[in-house]
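Participant: I need the structure of the sequence given here:
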Amino acid sequence: MVNTFEIIGFIAAVLTTLAYVPQVYKTWKTKSAGNISLTMYIVMFTGIMLWLLYGIHLNSLPMILANAVSGILTLTIVFFKIRYK
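Facilitator: Sure thing, here's the model as predicted:
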């Protein structure tokens with residue numbers, strides 16, 4: 001039987017993870033990261049990694065996948081910020 005809350009978790013994971021894609025794309029395309037806060041993205045990356053650990057502890061696939069991908073996207077923005085400053 002399908003767990004309704006697991007489906008809700010997957011939908012939430014997809015939506016919150018996709019939220020990073022426009023920023024990554026825009027930064028990559030324009031090669032400009034002047035208006036991006038490095039501190040905010042470092043703090044966000046740290047929080048995402050903690051959520052990932054928590055998801056692993058709970059064995060929650062939506063949390064693990066969402067935070068792994070979000071971590072990569074956030075780290076990409078940090079890389080662009082450092083590279084294109």
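
Participant: quick one: the helices in this protein?
Facilitator: 4-18, 21-30, 38-58, 61-83 (DSSP state H).

Participant: mean pLDDT lowest for which of the ones you listed?
Facilitator: Among the helices of the chain, helix 4-18 carries the lowest mean pLDDT, at a mean of 89.

Participant: tell me the angle that one makes with helix 38-58.
Facilitator: 160 degrees (axes from the mean of the first three to the mean of the last three Cα atoms, to 10 degrees).

Participant: tell me the centre residue of this protein?
Facilitator: Central residue of the chain (Cα atoms, centre = their mean): Ser70, 1.8 Å from the mean position.

Participant: coming back round to it: return the most buried member of the helices of the chain.
Facilitator: Of all the helices of the chain, helix 61-83 carries the top mean neighbour count, a mean of 18, counting by mean count of other Cβ atoms under 10 Å. In this view, the C-beta of every residue, glycine as well, is placed from N, C-alpha and C.

Participant: same for that one, what does it pack against?
Facilitator: helix 4-18, helix 21-30, helix 38-58 (3 or more Cβ pairs under 8 Å, 6 or more residues apart in numbering; DSSP states H and E).

Participant: turn those into a markdown table, including distance to Phe79.
Facilitator: What follows is those, written out as a markdown table (distance: least, Cβ to Cβ, whole Å):
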| stretch | distance to Phe79 |
| --- | --- |
| helix 4-18 | 18 |
| helix 21-30 | 10 |
| helix 38-58 | 10 |
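
Participant: which among those is found nearest to Thr76?
Facilitator: Closest approach to Thr76 among the helices and strands packed on helix 61-83 (Cβ to Cβ): helix 21-30, 5.3 Å.

Participant: could you check how far that closest one is from the centre of its chain?
Facilitator: 14 Å (Cα atoms, centre = their mean, to the nearest Å).
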